[in-house]
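Novice: Predicted model and sequence follow; I will ask about them next.
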Amino acid sequence: MSSGAHAKTIIRGEIIAGGIILVNTLPGANVRLDGEEILISDQGIFLLGFQREPKTIQILEILYENKIIEKITLNVKKRSYNIQKINGIEEKKVDPPQSFLDRIYLERKSVKESRNQALFIKELYYNNGFTQPAEGPISGVYGSQRILNGKAKSPHYGVDIALPEGSNVIAPMDGVVLFTHNNLYFSGGTIILGHGQGLTTSYLHLSKILVKKDEVIKMGHLIGKVGSTGRATGPHLHWGVELNGKRLDPKYLSIFQK
Ligand SMILES: [Zn+2]
């Protein structure tokens, strides 16, 4: 290694539960987070995400020619979430009926497989800008959780935007369509977009899907229409974000705004 290799790492974004950061470091470097290899571009650009209940201290190591040239301690801020306990609900409304379990299992599997394809998108689409996928009142926030009859349900991993049926949903960033389905059991009309290095966004309960798998789309492209398909109580857009298996809060995608 040349004696003067300096990383000069620059972090953009908040280091917080549900958050995402954009990191610029030395071109040609490798990166490890708590010992685990992270995808990095040749230009030294990579993303890190922090889950709903993150490890509060995480160690980021920048390596060049197999030597650690910079070590950064990330102090991840915790958040508290709204937890709602509801008792006395009819049991059959707490869990999906037995007859749907096979279908749900297969649907989850194909969604997961499509998301894994996002790892192979080398193009850093997320670097081209960001806009909101729809404008409307927020009716559900990331991280909240319901406990029904004492049973903790999966936390709400996304943001709900309340809008009339048929409202436009646009791509918030450039990307590739990884998955579309007209009627998944829980999420109804569903689109998943890939934006590079494993970053995906998802759009649920749609009444119309206006893109096809493998289509490359630009920020602002009309991808679908708001609906209430799947298990939705009324028309709204559920918008989700994942980075390599970590489910993040869409509100932090604003770091990509130009
Ligand atoms: Zn939702």
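Specialist: Here it is on my side, so go on.

Novice: which element is whichever residue of the stretch 51-200 of the chain sits closest to the ion on?
Specialist: Closest approach between the stretch 51-200 of the chain and the ion, counting by C-beta to the ion: Asp160, at 4.1 Å. Any C-beta I mention is one placed from the backbone N, CA and C, and that applies to glycine too. Here Asp160, judged by DSSP states H and E, is contained in strand 159-162.

Novice: tell me the mean pLDDT for that strand?
Specialist: Mean pLDDT, strand 159-162: 97.

Novice: Could you pull out the buried residues of stretch 230-240?
Specialist: For stretch 230-240, a neighbour-count test (16 or more other C-beta atoms under 10 Å) marks Gly230, Ala232, Pro235, His236, Leu237, His238, Trp239, Gly240 as buried.

Novice: Turn those residues into JSON lines, columns for pLDDT, distance to the ion and secondary structure.
Specialist: Converted to JSON lines, the buried residues of stretch 230-240 look like this (pLDDT from 0 to 100; distance: C-beta to the ion, whole Å; DSSP: H, G, I helix; E, B strand; the rest coil):
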{"residue": "Gly230", "pLDDT": "93", "distance to the ion": "10", "secondary structure": "coil"}
{"residue": "Ala232", "pLDDT": "87", "distance to the ion": "8", "secondary structure": "coil"}
{"residue": "Pro235", "pLDDT": "97", "distance to the ion": "12", "secondary structure": "coil"}
{"residue": "His236", "pLDDT": "96", "distance to the ion": "7", "secondary structure": "strand"}
{"residue": "Leu237", "pLDDT": "98", "distance to the ion": "8", "secondary structure": "strand"}
{"residue": "His238", "pLDDT": "97", "distance to the ion": "3", "secondary structure": "strand"}
{"residue": "Trp239", "pLDDT": "98", "distance to the ion": "8", "secondary structure": "strand"}
{"residue": "Gly240", "pLDDT": "98", "distance to the ion": "8", "secondary structure": "strand"}
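
Novice: Next SSE downstream of the helix or strand that contains Ile11?
Specialist: Assessed by DSSP H and E, Ile11 sits inside strand 10-12. Proceeding N to C from strand 10-12, the next assigned helix or strand is strand 20-24, under DSSP H and E.

Novice: any idea how far that next one is from the chain center?
Specialist: 14 Å (C-alpha atoms, centre = their mean, to the nearest Å).

Novice: residues near the residue lying closest to Lys55 once chain neighbours are set aside, how many?
Specialist: Residue nearest to Lys55 in three dimensions, not counting chain neighbours: Val76, with 6.8 Å by C-beta to C-beta, 6 or more residues apart in numbering. Neighbour count for Val76, taken as other C-beta atoms under 10 Å: 18.

Novice: ok, now Val141?
Specialist: 16.

Novice: Mind listing the residues bridging to the nearest residue to it once chain neighbours are set aside?
Specialist: In space, and not counting its chain neighbours, Val141 is closest to Val159: 6.4 Å by C-beta to C-beta, 6+ apart. Beta-bridge pairing for Val159 (DSSP bridges): Trp239.

Novice: how many neighbours does Val159 have?
Specialist: 22.

Novice: Report the contact partners of it.
Specialist: Ile138, Gly140, Val141, Tyr142, His238, Trp239, Gly240, Asp249, Pro250, Lys251 (C-beta atoms under 8 Å, 6 or more residues apart in numbering).
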